[in-house]
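Q: Test case, fold it:
(chains A and B)
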Protein chains: 2
Amino acid sequence: MAQKPSIPKGTRDFSPEEVSKREYIVQTIKKQFQHFGFQPIETPSFENSDTLMGKYGEEGDRLIFKILNSGDFLRKVKNDLYTEKDSLKLTPKISEKALRYDLTVPFARYVVQHQNEIDFPFKRYQIQPVWRADRPQKGRFREFFQCDADVVGSNSLWQEVEFVQLYDVVFTQLKLAGVSIKMNNRKILSGFAEVIGESDKLIDFTVALDKLDKIGEEGVTKEMQEKGISAEAIKTIRPIFSLGGNFSDKIASLKEILASSEIGKKGIEELEFVQKAIEKMPLQTANLDLDVTLARGLNYYTGAIFEVAAPPDVKMGSIGGGGRYDDLTGIFGLNNISGIGISFGLDRIYLVLEELDLFPNSAKNNTKVIFINFGQKEALYAMQAVQKLRENGINAELYPDSAKMKKQMNYANKRDIAYVVLAGSKEMENQEFTLKNMKTGKQDNFGFEKMLKVLQ
Amino acid sequence: MAQKPSIPKGTRDFSPEEVSKREYIVQTIKKQFQHFGFQPIETPSFENSDTLMGKYGEEGDRLIFKILNSGDFLRKVKNDLYTEKDSLKLTPKISEKALRYDLTVPFARYVVQHQNEIDFPFKRYQIQPVWRADRPQKGRFREFFQCDADVVGSNSLWQEVEFVQLYDVVFTQLKLAGVSIKMNNRKILSGFAEVIGESDKLIDFTVALDKLDKIGEEGVTKEMQEKGISAEAIKTIRPIFSLGGNFSDKIASLKEILASSEIGKKGIEELEFVQKAIEKMPLQTANLDLDVTLARGLNYYTGAIFEVAAPPDVKMGSIGGGGRYDDLTGIFGLNNISGIGISFGLDRIYLVLEELDLFPNSAKNNTKVIFINFGQKEALYAMQAVQKLRENGINAELYPDSAKMKKQMNYANKRDIAYVVLAGSKEMENQEFTLKNMKTGKQDNFGFEKMLKVLQ
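A: The predicted model follows:
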């Protein structure tokens, strides 16, 4: 036990400063969720395995953390199966529970399980950790936090409008001006595939298109050809590779390109609804953009698709995303419940705010004042003041031991505490406190009320 | 997939109302933690198994949830061992990680791992879920939340004083008047065992004594005899079964009983320090009591022992507890770091507040006002007002669909939303809003500013 302890790879300890800064982000988001009428729910960290397995594809199943059954978990395993020594076959026999992989499937499970207690449309938010047995790398963790808001039970396009507004307000509150809220619509993508006569290759088409900003027009064309999309079809669709102008200009171009596709025109109509509403209620600091290459988990979304990019001067992937899905709860047997949801990328938002130095000092939530401990009698005098300061909402401490003055001052310094109070026998006599501002070095003698005022 | 989904036994979904109420308790506690200078940390949900195993006794090891290794976890298991089909032996070969069982051991691990970044004394708080494979029963869950505050790196008895104050302030803030903060000291218990000449039977003695309020003096006497404590010894110690009076009276009695025990006298001195300090700084609503039968995880604590009982009119076990431990980090190789900590029993506090109806309405964090949706044009008019209300800190919604009036009103009713706004073409013409108070049924016509004022 003498070796220095460590934590599993891909997991993190959060220091006081980190917790406080994360809390600042979470509280900012939560407050807006509530202003928008979303209500919080929480679900258990682990679910029954059959709730999760098969919902994220084969790769997802592999990345789900399974929990070993308790007790003599081998007792009930049949010998024939056991002797095969096959991990995949043995797993369901020795593990019945698994850690949450995302918040979406547990939410769908929640909605179905509690459908009789829920008033639809149901607007919920949920901020909890999720776990994935992914290979850890920079910015990718095995335990990380998701921060989701969803509405289920309404097809109204006002939801799309509200999610755009929600992103705008949250990032404005976080002082992160200039984020780009990119929108697309699954129906637009279906329309593209339709007008080039390749509806059966929709996914290949979209996966390639999604890579436009990474591999360029040439790369996308090549990949589409490899997937069997005809040169003629690609030629027809070429205009979408270089759609220019603002949201309205792009809409105008799309109206031409998709003139012959009913589904495509429906997609345009939906996007236009959002754009017109936002025109009437302008965003504070974010930009709304139309990005026809945007796909994100295509098979999942059926309407609007969102992605939020950090301001252009910050190199960072998306810091949020989401979209509309038509039948999420269908996997648990409750059909025809349309939903739409977005999420905030907590870890990345943290990195962006850090890089741009946007965390306010108040996010640290540190102790404001510490009293030096000069011994028993003085400590009691100090504690009485400390108690009153706390009652007035000041984070205050007494150094617990009457250690050497230098040690106590060093401690205050290292912990970055703004004020130190020195109260020895002389101060006690005068019912005063010597308050030292650690930044300026200035010292003043105050009665309690005056000191409280300075600290407030 | 058609069967109704469920969650693993011993786990819970939290509804919006439950999350909000829990949040109210947690925020109240957190605020006081911060006033007292505690800083938040968070540790990963799972730790390396060897960090946890062997720290909670054999029973504890059994109750720790183990996580199955990812991938082909059987590949590296040697055939001889595998064919034994022994769950206990196989576990460490197929599982390297385990879910946190409490917050104390991960905290000790954190302190040792980050000792060079930490300024001691280190006051930390931590509020996170923990998991135990216990048999679920009323009030006992497999996933539950712990809420701990600890100080490590100081022997100062001012910490004991502060924890008493902290309990008092938190329960006062929660409007839960009349809780009883019971204190004892491990040194008092050692003193008892010493004066009766049974120091080697300290644990048996204490385990029996701890049951006094359950099985009475007769029961305790019987259990002590069964454990081999002599009748004469029990006779000597009998006075502690019926220590009466207040804290000071009990201290006076203990001074007689423990007159011949050095360690006993040290324990009295420590308790007296706390009592005298609290006398000078009276508690707001809690009572400080001395309970010499209090033991709680005896082997763990070395000095003060705390336990908080709900007010006498509520039937509930302890709602908090803690104590001083001298060498918590020793298990990870860092010796001589004294610590003291307490925890709040979140689930039980919730039940007590519920029973006494002490949750304020504001704890619900509900939507304050919903706008009826009369159609496209009216909805835009409404949304513009909704946006301005949100900017002013009001939780506001638009019903997303222009459904039948009755359906929308029912929805507002069921969700217990305080106000409904009706804004049709007539209101739009006059730039007004009809605001209906759902409690009184009263309706008024207002301009936006006036409406905002009412809602604030």
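Q: quick one: low-confidence parts of chain A?
A: For chain A, applying pLDDT under 70 flags the ranges A:1-3, A:297-298.
Q: Show me what the helix or strand that residue A:319 is a member of is packed up against.
A: Element membership of residue A:319 [criterion: DSSP states H and E] is strand A:318-325. Strand A:318-325 sits against helix A:158-173, strand A:304-309, strand A:339-344, helix A:346-355, with contacts defined as 3 or more Cβ pairs under 8 Å, 6 or more residues apart in numbering or on different chains; DSSP states H and E. The way it works is simple: take the backbone N, C-alpha and C, and place the C-beta from them, glycine included.
Q: Show me what residue of the stretch 51-200 of chain A gets nearest to chain B.
A: Of all residues in the stretch 51-200 of chain A, residue A:156 sits closest to chain B, at 3.5 Å by Cβ to the nearest Cβ.
Q: Which positions in the stretch 101-250 of chain A make contact with chain B?
A: A:109-110, A:112-114, A:117, A:119, A:121, A:123-124, A:129, A:131, A:133, A:143, A:151, A:154-156, A:158-159, A:161-162, A:165, A:169 (Cβ under 8 Å from any Cβ of the partner chain).
Q: Equivalent analysis for the stretch 351-456 of chain A, please.
A: With Cβ under 8 Å from any Cβ as the criterion, the stretch 351-456 of chain A meets chain B at residues A:365-367, A:370, A:373, A:379-380, A:383-384, A:387, A:390, A:393-398, A:400-401, A:411, A:414-415.
Q: Which ones among those lie within strands?
A: Among these, the ones falling in strands (DSSP state E) are A:370, A:396-398.
Q: got a markdown table for those residues, with neighbour count and distance to residue B:105 too?
A: Output for those, formatted as a markdown table (neighbours: other Cβ atoms under 10 Å in any protein chain shown; distance: Cβ to Cβ, whole Å):
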| residue | neighbour count | distance to residue B:105 |
| --- | --- | --- |
| A:370 | 25 | 29 |
| A:396 | 27 | 30 |
| A:397 | 25 | 26 |
| A:398 | 24 | 29 |
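Q: Nearest to residue B:355 among those residues?
A: Closest to residue B:355 out of these is residue A:396 (33.9 Å), distances taken as Cβ to Cβ.
Q: For the residue nearest to that closest one when sequence neighbours are not counted, list the residues it contacts.
A: Using Cβ to Cβ, 6 or more residues apart in numbering or on different chains and skipping residues adjacent in sequence, the residue nearest residue A:396 is residue A:389, 4.1 Å away. Counting by Cβ atoms under 8 Å, 6 or more residues apart in numbering or on different chains, residue A:389 touches A:369, A:396, A:452, A:455.
Q: For the first one, name its beta-bridge partners.
A: Just to be clear, that refers to residue A:369. residue A:396, residue A:419 (DSSP bridges).
Q: for it, what are its contacts?
A: A:389, A:394-397, A:417-421, A:435, A:455.
Q: what's the farthest-apart pair in those residues?
A: Farthest pair in those, by Cβ to Cβ: A:395 and A:435, 15.2 Å.
Q: So these two - more neighbours on which side?
A: Counted by other Cβ atoms under 10 Å in any protein chain shown, residue A:395 and residue A:435 do not tie: residue A:395 has more neighbours, with 23 against 20.
Q: My read is that that one contacts residue A:364, right?
A: No - Residue A:395 lies out of contact with residue A:364 (Cβ atoms under 8 Å); the separation is 10.5 Å.
Q: Of the residues of the stretch 351-456 of chain A next to chain B, keep whichever come out buried.
A: Burial by neighbour count, judged by 16 or more other Cβ atoms under 10 Å in any protein chain shown, picks out A:365-367, A:370, A:373, A:379-380, A:383, A:387, A:390, A:394-398, A:400-401, A:411, A:415 from these.
Q: Helices - which of these land there?
A: Taking DSSP state H as the definition of helices, these contribute A:379-380, A:383, A:387, A:390, A:411.
Q: The one helix or strand residue A:30 maps to: what's the following helix or strand?
A: Assessed by DSSP H and E, residue A:30 sits inside helix A:16-35. Going down the chain from helix A:16-35, the next helix or strand is strand A:39-40, by DSSP H and E.
Q: circling back to that earlier point, the helix holding residue A:30: which residues count as buried?
A: Applying a neighbour-count criterion of 16+ other Cβ under 10 Å, one finds A:16-26, A:28-35 buried in helix A:16-35.
Q: Kindly check the end-to-end length of stretch A:389-399 for me.
A: With Cα to Cα, to the nearest Å as the measure, stretch A:389-399 spans 15 Å from end to end.
Q: same question, stretch A:420-433
A: Terminal residues of stretch A:420-433 lie 10 Å apart, using Cα to Cα.
Q: Repeat that for stretch A:296-307.
A: One end of stretch A:296-307 sits 8 Å from the other (Cα to Cα).
Q: and it, anywhere near chain B?
A: No - Stretch A:296-307 is not in contact with chain B by Cβ under 8 Å from any Cβ; minimum separation 13.8 Å.
Q: Okay, buried residues for that stretch please.
A: A:296, A:298, A:301-307.
Q: Off-centre distance for that stretch?
A: What separates the centre of stretch A:296-307 from the centre of its chain is 17 Å, taken as Cα atoms, centre = their mean, to the nearest Å.
Q: what does that stretch rub up against?
A: Contact with stretch A:296-307 is made by A:160, A:163-164, A:167, A:181-187, A:189, A:202-203, A:206-207, A:267, A:270-271, A:274, A:291, A:294-295, A:318, A:320-327, A:340, A:342, as judged by Cβ under 8 Å, 6+ apart.
Q: got it, and stretch A:88-101?
A: Under the criterion Cβ under 8 Å, 6+ apart, residues A:43-49, A:52-53, A:55-56, A:60, A:63-69, A:73-74, A:76-77, A:81-82, A:84, A:106, A:128-132, B:8, B:45, B:67-68, B:72, B:74 lie in contact with stretch A:88-101.
Q: circling back to that earlier point, point out the most buried one among the helices and strands packed on strand A:318-325.
A: Sort these by mean neighbour count, taking mean count of other Cβ atoms under 10 Å in any protein chain shown, and strand A:339-344 sits at the top with a mean of 26.
Q: so what strands line up beside that one?
A: For strand A:339-344, the paired strands and their directions (DSSP bridges) read strand A:143-152 (antiparallel), strand A:318-325 (antiparallel).
Q: okay, how far is it across stretch A:396-408, tip to tip?
A: Criterion Cα to Cα; first-to-last residue distance in stretch A:396-408 is 15 Å.
Q: got the contact list for it?
A: Contacts with stretch A:396-408, where a contact means Cβ under 8 Å, 6+ apart, come from A:367-376, A:378-379, A:382-383, A:385-386, A:389-390, A:411-412, A:417, B:35-37, B:121, B:123, B:151, B:154-156, B:158-159, B:162.
Q: tell me how far it is from the chain's mean position?
A: Distance, centroid of stretch A:396-408 to centroid of chain: 40 Å (Cα atoms, centre = their mean).
Q: what do you get for stretch A:242-254?
A: Centre-to-centre, stretch A:242-254 and its host chain are 30 Å apart (Cα atoms, centre = their mean).
Q: Convert the C-alpha atoms of that stretch to CSV, please.
A: The C-alpha coordinates for stretch A:242-254 follow below in CSV (Å, rounded to 0.1, in the frame of the first residue of the first chain):
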residue,chain,number,x,y,z
SER,A,242,-20.2,26.4,-52.2
LEU,A,243,-23.4,27.9,-51.0
GLY,A,244,-22.5,31.5,-50.2
GLY,A,245,-24.1,34.4,-48.5
ASN,A,246,-26.2,34.7,-45.3
PHE,A,247,-29.0,32.4,-44.1
SER,A,248,-31.6,34.0,-46.5
ASP,A,249,-29.3,33.8,-49.5
LYS,A,250,-28.7,30.1,-48.8
ILE,A,251,-32.4,29.5,-48.4
ALA,A,252,-32.9,31.2,-51.8
SER,A,253,-30.3,28.9,-53.5
LEU,A,254,-31.9,25.8,-51.8
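Q: Now do that stretch: everything it contacts.
A: For stretch A:242-254, contacts defined as Cβ under 8 Å, 6+ apart pick out A:188, A:217, A:239, A:264, A:268, A:271-272, A:275, A:288-290, A:292.
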